[in-house]
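[1] below: sequence and its predicted model.
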Amino acid sequence: MIKSMLKLLGLSAAGLAAYLVVTKHDPKEFANSVYSSTKDKINGVSNVLDQKNKLTANISKLQDEVSKSKPTIEAMQKDIDEYQFKINPHVDLINQRINNITK
């Protein structure tokens, strides 16, 4: 098993060396660019996780506020239903008079 890992490591090193020779990259510059791009990706993942945590917290706050507002919304709906019950006869009368005028 160790032999296989050493062979794989050797092949990888040879492949990297061939890539650097063909593309004419300086090994130091290549290592620095790989390091900086890896660091940028890690920072990006960290930022995504931070934003996810903020979103989760905000969703939780929203759910709390919605549950707190439920009694108020129900009370408003009750008032609207009561108001509609009171004005329905008047609206019906108005519609009846409009129908009589348009005939």
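    Received the coordinates, thanks.

[2] show me the helices in this structure, by range?
    2-23, 27-102 (DSSP state H).

[3] lowest average pLDDT across the ones you listed?
    The minimum mean pLDDT among the helices of the chain belongs to helix 2-23 (a mean of 84).

[4] need the residues that contact that helix.
    Outside helix 2-23, the residues within contact range by CB atoms under 8 Å, 6 or more residues apart in numbering are 25-27, 30. The C-beta positions use only the backbone N, C-alpha and C, and glycine is treated the same way.

[5] how about that helix: buried residues?
    For helix 2-23, the buried set under the neighbour-count rule, 16 or more other CB atoms under 10 Å, is empty.

[6] please renumber so the chain begins at 39
    From this message on, residue numbering opens at 39, which makes the last subject helix 40-61.

[7] can you check what angle separates it from helix 65-140?
    When axes from the mean of the first three to the mean of the last three CA atoms, to 10 degrees is applied, the directions of helix 40-61 and helix 65-140 differ by 80 degrees.

[8] many thanks, we can stop here.
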